[in-house]
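Undergrad: dropping a prediction and its sequence here:
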Amino acid sequence: MTADPRPARPTLLGQNQYGKAENRVVRVVRDGATHRIKDLNVSVALSGEMDAVHYSGSNANVLPTDTTKNTVFAFAKEHGIASAEAFGIHLARHFVTSQEQIHRARIRIEEYAWQRIGTTGHSFARGGQETPTTEVAYDGERFQVVSGLKDLVVLNSTDSEFWGYAKDPYTTLRETHDRILATEVTARWRFSWTGDPAGAEPPAWEESYEQVRGHLLDAFAGTYSLSLQQTLYAMGSRVIESHPGIDEVRLSLPNKHHFLVDLEPFGLKNENEVYHAADRPYGLIEGTVLRDGADARIPVTD
Ligand SMILES: O=c1[nH]c(=O)c2[nH]c(=O)[nH]c2[nH]1
């Protein structure tokens, strides 16, 4: 008989669970030049015979939360992600059947939907998030209209490299010739229209929104990128070159890092398939692209 681990106190442990929350796993399936991605936020909660760890600190029954995180990434490689449900079932069954002391596993999954953009087969935009913006100023003589968008999340699952950068004693970043490039686009564009001379036809605002959005997406998708800075310039200049009524574009592009997960400890090879989508910190790449001869007027606000 094992000794009752409860201390002689007038308290009792109630419901408890533990695990790693919000594992951001991105699985790329490469079917030649056509890629598919599954992007999940997976939270693991395990419960079972966990009295001892709470009452006395004995960890003997505790499968580390770090292990549950590793399992999510390893299973993404080993079993793939056919659906969030199938993936959750694999994980839940695994924890309960492989660890005697774990009696219940709850796997919560949020799935982020991506839609294809461009013609590359590896370019995507995250569904349903973007917000159009506009700012109109008038001083009694002239208008200034700066329209834009924010929260437009896009991703290329290949055709992105980053190497040949400056290095100092603190540089540990490994050079890469094939990475995921993802960003959340904030763009503002200034129309040359000022309402002056009086009666000048204003642009078709809503049509131009769709056009600019299309140019930004096409340039993101179609640019073989050696840096996000290069992609930024390509996106801004595509808008200016395609849209005679726009003189200035300002872009703010957070580099939404996707780190390849090391699966070697589990005997698995990660051939650019399983990534950890990191939240923060993130690189923040910002810049203005101007029509030659135009003034920079969009304020650098953030
Ligand atoms: O496209 C990039 N630009 C950078 O300036 C940078 N810095 C970094 O660490 N990764 C990247 N990627």
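TA: That came in fine, so what should we check first?

Undergrad: packing partners for the helix or strand harbouring Ala221?
TA: Using DSSP states H and E, Ala221 maps to helix 205-222. In terms of contacts (3 or more CB pairs under 8 Å, 6 or more residues apart in numbering; DSSP states H and E), helix 205-222 is packed against strand 123-126, strand 143-156, strand 181-191, helix 228-242. Using the backbone N, CA and C atoms, a C-beta is placed for each residue, glycine as well.

Undergrad: hmm, 6 Å instead?
TA: For helix 205-222, the packing partners by 3 or more CB pairs under 6 Å, 6 or more residues apart in numbering; DSSP states H and E come out as helix 228-242.

Undergrad: quick one: the helix it packs on to helix 205-222, angle?
TA: Per axes from the mean of the first three to the mean of the last three CA atoms, to 10 degrees, the angle that helix 228-242 makes with helix 205-222 is 140 degrees.

Undergrad: now find how far off-centre the helix holding Ala221 is within its chain.
TA: Mean C-alpha position of helix 205-222 versus that of the full chain (CA atoms, centre = their mean, to the nearest Å) differs by 20 Å.

Undergrad: can I get that helix in PDB, CA atoms only?
TA: Coordinates of each C-alpha in helix 205-222 appear next as PDB, following Å, rounded to 0.1, in the frame of the first residue of the first chain:
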ATOM      1  CA  TRP A 205     -11.600  55.000 -54.000                       C
ATOM      2  CA  GLU A 206     -13.000  51.500 -53.500                       C
ATOM      3  CA  GLU A 207     -11.800  50.200 -56.900                       C
ATOM      4  CA  SER A 208      -8.400  51.500 -56.100                       C
ATOM      5  CA  TYR A 209      -8.400  49.700 -52.800                       C
ATOM      6  CA  GLU A 210      -8.900  46.400 -54.500                       C
ATOM      7  CA  GLN A 211      -6.300  47.200 -57.100                       C
ATOM      8  CA  VAL A 212      -3.600  48.200 -54.600                       C
ATOM      9  CA  ARG A 213      -4.400  45.200 -52.400                       C
ATOM     10  CA  GLY A 214      -3.900  43.000 -55.500                       C
ATOM     11  CA  HIS A 215      -0.600  44.700 -56.400                       C
ATOM     12  CA  LEU A 216       0.700  44.200 -52.900                       C
ATOM     13  CA  LEU A 217      -0.300  40.500 -52.800                       C
ATOM     14  CA  ASP A 218       1.100  39.800 -56.300                       C
ATOM     15  CA  ALA A 219       4.400  41.500 -55.500                       C
ATOM     16  CA  PHE A 220       4.700  39.600 -52.200                       C
ATOM     17  CA  ALA A 221       3.900  36.300 -53.900                       C
ATOM     18  CA  GLY A 222       6.000  36.900 -57.000                       C
END
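
Undergrad: can you pull the buried residues of it?
TA: By 16 or more other CB atoms under 10 Å, the buried positions in helix 205-222 come out as 208-209, 211-213, 215-222.

Undergrad: lovely, talk soon.
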